[in-house]
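Participant: coordinates for the following, if possible.
(4 chains, ligands or ions: 4)
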Amino acid sequence: MREISFAQALDEAVAEEMRRDDRVIMLGTDFTGDPLKEFGPARVRYTPISESVLTGMALGAGACGFRPIVNWRMVTFSFVAMDQIVNQASKIRYMFGGQADFPVTYRCTTGGGSGSAAQHSQSPYSMWMHLAGLKIILPATPADAKGLLKSAIRDNNPVVSFECSRLNAVVGAVPEGDHVVPLGVARVARAGTDVTVVGLAYYLQEALKTADEMARDGISVEVIDPRTLVPLDVETIRASVRKTGRLVVVDEAPPTCSAASEIAALIAEDAATFGALRAPIQRVCAVAVPVPYSPPLENAALPDRARIAAAIRRVLDAAPVPA
Amino acid sequence: MREISFAQALDEAVAEEMRRDDRVIMLGTDFTGDPLKEFGPARVRYTPISESVLTGMALGAGACGFRPIVNWRMVTFSFVAMDQIVNQASKIRYMFGGQADFPVTYRCTTGGGSGSAAQHSQSPYSMWMHLAGLKIILPATPADAKGLLKSAIRDNNPVVSFECSRLNAVVGAVPEGDHVVPLGVARVARAGTDVTVVGLAYYLQEALKTADEMARDGISVEVIDPRTLVPLDVETIRASVRKTGRLVVVDEAPPTCSAASEIAALIAEDAATFGALRAPIQRVCAVAVPVPYSPPLENAALPDRARIAAAIRRVLDAAPVPA
Amino acid sequence: MTPNRSELIEMLRKMILIREFDELAIRLRTEGKIYGAIHPYVGQEAIAVGVCAGLASADRITSTHRGHGHCIAKGADIRRMMAELFGRVDGYCRGKGGSMHIADFSVGMLGANGIVGAGLPIAAGAALALQLDGKSNVAVCFFGDGAVAEGEFHEALNISSLWTLPLVFVCENNQYGANNPVAAQHRVTDVVAHAGGYGMVGQSVDGNDVLAVHRVAREALDRARGGEGPSLVECKTYRWHFHAMRQTPPPETRPADEIAEWKRRDPIARLVSDLKARGLLSESDLERMHRQVQTDLREAVAFAEASPFPDPKDILADMFAA
Amino acid sequence: MTPNRSELIEMLRKMILIREFDELAIRLRTEGKIYGAIHPYVGQEAIAVGVCAGLASADRITSTHRGHGHCIAKGADIRRMMAELFGRVDGYCRGKGGSMHIADFSVGMLGANGIVGAGLPIAAGAALALQLDGKSNVAVCFFGDGAVAEGEFHEALNISSLWTLPLVFVCENNQYGANNPVAAQHRVTDVVAHAGGYGMVGQSVDGNDVLAVHRVAREALDRARGGEGPSLVECKTYRWHFHAMRQTPPPETRPADEIAEWKRRDPIARLVSDLKARGLLSESDLERMHRQVQTDLREAVAFAEASPFPDPKDILADMFAA
Ligand SMILES: Cc1ncc(C[n+]2csc(CCOP(=O)(O)OP(=O)(O)O)c2C)c(N)n1
Ligand SMILES: Cc1ncc(C[n+]2csc(CCOP(=O)(O)OP(=O)(O)O)c2C)c(N)n1
Ligand SMILES: [Mg+2]
Ligand SMILES: [Mg+2]
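Facilitator: Ligands and ions are numbered 1, 2, ... in the order given. The predicted model follows:
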């Protein structure tokens, strides 16, 4: 299969959906590639730096028959638009009794690891997950980047696409043609028996590498990629934990009230899964600080393979695999 | 001891701190009581409806020697100011290497139960907890309302005070004089042995009433009030769970990535506490919808004593108390 | 294009209906048949009616927390409005929204809004869609003097003007944002002063004169339909009642003589005397109209009361579109 | 109050220092000694210097993502700035902030800011504090033409004017927000057109003429100190380089003749020839100044390189004040 980068996969998804449906329009202060050339200025709208009005405009245009894609660029910049997200986008359909659909896609980049300091290194998906009413995708591979973003654009609800910057250059196999990945279906990225590791975005890749390394020591790690955070395919995660009895969740957001917390809670509250749990659930997250600029501090703040491996060893030490 | 309402306790806290320190100023579109009379228009500032600029102004004034209290009124309205909260208030001290302090208090009301519909019935504290860098108080009694808010105003960091509207009319004993409650110290509101219930804000009261009811059936419920969400006194909660072996967390926010999720995760990840856990952890939260307007739907959305009791029975059924 | 007699009579009827609807809503809220908060539109009727008389059903509006008047003016059904206030399944939002969230997308009313200023971006988005559709439809955005202090006011005016969107910004300057007089919110109390900064036509009008409002709005709507972009129309008006009530109306804080002065400028009385002077309305026409309005309102209440409360089992309905 | 010779010479020195600092920063970023993104201020030096020459240390400023020039103009120490860019413990933020978050509270520089528009509210808060202190100090807020589209621009101007805050809004209109020309952001490309809506004095000035900037800023500062409230000063200028770079400078997208035209209007060359014409500067003065700037920059780099990286153990330091 051909291989393309995560960034190219995202661009392809948008271009294909723009071709497929001329009600798809895009708004943002900048775009990758040259969509203007193919789709023209009516549909490709370079905007002033006014994220709040863009975010609300997408809802208005969505209710009037268009399918806007708003590119906030960094998730950082979406916070000036938070009212439109929290008080409008996430509530508008339910609050109005389902009178209208709001087929809007909000895109943004997330994550640290590039010396960009606190404001420009955020991964706050859990703040959006907490809101009832938004769907959320978090691709970790080029194939999913394309397939999930296409599903998001076709979805008739506001969907937020969190796109991890550190994955942009990652290259992987992506099927030709109309590759669509449904929302709400997790993927067992690597099968294993001793411990379940849920890895989000960039940290899926790190979890897989850690699993490779630990396989050499005879430790069998099952790695799961949730792919969408809302809806979250909790059953795939629970089934894995019922098998392995151990769970480690890895993400670069700080731990408090994070997606990792949520996954931990979903495991701990389910009777059958709780009953199968043989060790404490471990979260491997960022240190709870604004991501610092200086490389040694940034490295200390963010998770790495050593911390993932240590967490895996902790849960195995707590309840050793019978020989 | 004299008894006053939750609302009066909050007003007293502000008035006393304004008297104590003339660098305390307040900004908002409206205030309870008549602070203008005592403190004058220089310190009591009625503002235009511009929450974002107010939120940022408090940081600027805070860095220049004042101690602003910004009243957003409903937490709903703070979302238009979210950039100043996320990208400035929570990061500004650390990001600048501790060069300056930002002694700012942000106040707002939270919660449903008053037929106010989705936008005006929110309890999104977990979104703030996720940010590293803010302290957060969540009083559940008049005494704590006064004591915690006074601590918040004296604290040299941005502190967010979430004040549950349904508690406003609740009357309780509040010590005379300078009653201060330190941040980060939970309270065992009722001692018990069979199950630990953590109740937040209004649901502390409901948890206590449920505990009373269940005591008649011989069930001994320990009820804990965290009082501050950041810093969170996790040790008091863990110690209780190590004793009872069972945990129920009650709050009116939707469950996903909530404070309840965080408490569940903190219990499930601690080896000693996990080892003592005899039943799955239960979260009793709102249904994950925007809070609906119509009373039967709103009642169905929000937790109540029946759901708290059912959760308690579930954890007891999972692991009955030895006779 | 001045309105003809039947149009004028319909404008009057709608103004009376809006007023009586909200006077009734106050009573029903006091009786506990309505929940949450309500914000009566009484006194401002000329604005919603004057503007919406220039709109077709395919034109879109966005509204505010004080939205009942805009709903009625845009053609919403008062029975379904009342059912919504009563929290019933036949309400516009199936009981999920209440007063601050009434919408009727079928008549182009894209929703009341509990967030000050939040309707402006949504209206701009509707205007963008209408511009792309290219059928000369327009969007209108109603908002208060208080909303002018919010950043979204500025962002919406800026981008709409930049993109020549078919949009009319209608500021209902009722002299107060909650209890704060407009001079405590803005140094320049004429909102229209902002228009120039955006290169936009701005016009101020007596918001208690429905014909003046209609004329100015019509000009702005024509500009929007003709591809000349958005306008800022400021309507000076006054609300007769409190800002908001829950169980009981709050005490009045505004000067009594100010209220009296504005009540003398009653927009309904003004239109009535104008129509009478022009021989277009008789006293018995007026009485008949009042009776019809009361009948319609009684029917609306009966409709609402007959409608069931939502079933708690349906709590998850309408969450996500298929 | 026109600046005397030593003040003029100091203005020139700072302009040269700013330019050379950022030219050096580009090289150091390319070499990987600096991390993240940098936004050079080259070409805009007259604004920071012209404005800050009117400020005392107790006056406060807020800055933007393009903040090195403001830091230097306000009196920050280039050694600690460089150490911050190098991510070292002796940097202003102990290595936690980097280019977009340099601040020096001790000289009244309240911080660069990675969020477009976010400095305006903070400056307004500083101005409120200074007003309450009553010592005639002022705050200055620097921001770009792009920031004008953000809601916070509007909110800050509105409340500052309403409260007569001692504040000067300095818009650096460098014709682009990132790659978007100002005409793609605003219908009216003169930002100063907004001043009237707030009842504020607005003045436009050639941002490449440091003496003109200084004169206009001084007037605005005097008004602010005198209790006459805020002003909006728009400085027309141009950045010589790319918007931002990470590993390598991005390709230029602006028209070559536009760049050439603006480079002919080099603010430093202009001041040099002016001072020479007035006999206040000789060629050897200028050479000495250039040498001194290079020496200072070399020292700054040496200082930065000698400073250790932060210890990962200190990751939690500075999180909360006692
Ligand atoms: C962002 C936001 N801040 C505050 C409020 C609370 N609030 C509701 S209505 C209102 C006053 C609005 O004044 P104006 O825009 O003039 O409209 P009016 O009520 O006069 O019709 C306020 C402050 C809100 N709903 N949203
Ligand atoms: C709220 C927000 N949106 C977007 C960005 C990304 N961004 C950084 S600088 C910039 C352009 C700013 O233009 P302008 O204000 O004119 O300043 P200049 O770069 O020209 O100095 C943009 C879009 C941001 N930092 N913050
Ligand atoms: Mg008003
Ligand atoms: Mg610019």
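Participant: where in chain C is pLDDT low?
Facilitator: Within chain C, the stretches falling below the threshold (pLDDT under 70) are C:1.
Participant: show me where it has strands.
Facilitator: When assigned using DSSP state E, the strands of chain C occupy the ranges C:60-62, C:139-144, C:167-173, C:176-177, C:180-181, C:201-206, C:231-236.
Participant: angle of the last one against strand C:167-173?
Facilitator: Translated: strand C:231-236. Orientation note: strand C:231-236 sits at an angle of 20 degrees relative to strand C:167-173 (axes from the mean of the first three to the mean of the last three C-alpha atoms, to 10 degrees).
Participant: partner strands of strand C:231-236, with direction?
Facilitator: strand C:167-173 (parallel), strand C:201-206 (parallel) (DSSP bridges).
Participant: packing partners for the longest helix anywhere in chain C?
Facilitator: Scanning chain C for the longest helix, with DSSP state H as the assignment, gives helix C:5-30. Based on contacts counted as 3 or more C-beta pairs under 8 Å, 6 or more residues apart in numbering or on different chains; DSSP states H and E, the elements that helix C:5-30 packs against are helix C:45-52, helix C:68-74, helix C:78-85, helix C:210-225, helix C:267-277, helix C:283-306. In short, each C-beta sits where N, CA and C put it, glycine included.
Participant: any chance of those in TSV, plus mean neighbour count and distance to chain B?
Facilitator: Formatted as TSV, these follow (neighbours: other C-beta atoms under 10 Å in any protein chain shown; distance: least, C-beta to the nearest C-beta, whole Å):
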stretch	mean neighbour count	distance to chain B
helix C:45-52	30	20
helix C:68-74	28	15
helix C:78-85	26	8
helix C:210-225	21	24
helix C:267-277	17	25
helix C:283-306	14	12
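Participant: which one of these lies nearest to ligand 4?
Facilitator: Distance to ligand 4, taken as C-beta to the ion, is lowest for helix C:210-225 among those, at 30.3 Å.
Participant: show me what contacts C:Glu155?
Facilitator: Under the criterion of C-beta atoms under 8 Å, 6 or more residues apart in numbering or on different chains, the neighbours of C:Glu155 are A:Pro48, A:Ser50, A:Ser52, A:Val53, C:Leu120, C:Pro121, D:Ala149, D:Glu150, D:Gly151, D:His154.
Participant: find the nearest non-adjacent residue to the fifth one, please.
Facilitator: Read that as C:Leu120. If the residues on either side of it in the chain are set aside, C:Leu120 comes closest to C:Ala156, at 3.7 Å by C-beta to C-beta, 6 or more residues apart in numbering or on different chains.
Participant: now do the one you found against ligand 4, distance only.
Facilitator: Separation of C:Ala156 from ligand 4 (C-beta to the ion, to the nearest Å) stands at 22 Å.
Participant: verify the stated contact: that residue with C:Cys141.
Facilitator: Yes: taking C-beta atoms under 8 Å as the contact criterion, C:Ala156 and C:Cys141 are neighbours in contact, 7.3 Å apart.
Participant: follow-up on the earlier one: which one of the strands paired with strand C:231-236 is the most hemmed in?
Facilitator: When those are scored by mean count of other C-beta atoms under 10 Å in any protein chain shown, the highest mean neighbour count falls to strand C:167-173 (a mean of 29).
Participant: now whatever residue of the stretch 151-300 of chain A ends up closest to ligand 2: how far from chain C?
Facilitator: When scored by C-beta to the nearest ligand atom, the stretch 151-300 of chain A has A:Ser165 as its residue closest to ligand 2, at 13.7 Å. As defined by C-beta to the nearest C-beta, to the nearest Å, A:Ser165 lies at a distance of 26 Å from chain C.
Participant: beta partners for C:Gly177?
Facilitator: As assigned using DSSP bridges, the partners bridged with C:Gly177 are C:Asn180.
Participant: show the contacting residues for it.
Facilitator: With contacts defined as C-beta under 8 Å, 6+ apart, the neighbours of C:Gly177 are B:Thr29, B:Pro48, B:Ile49, C:Val116, C:Gly144, C:Asp145, C:Gly146, C:Ala147, C:Ala149, C:Gln185.
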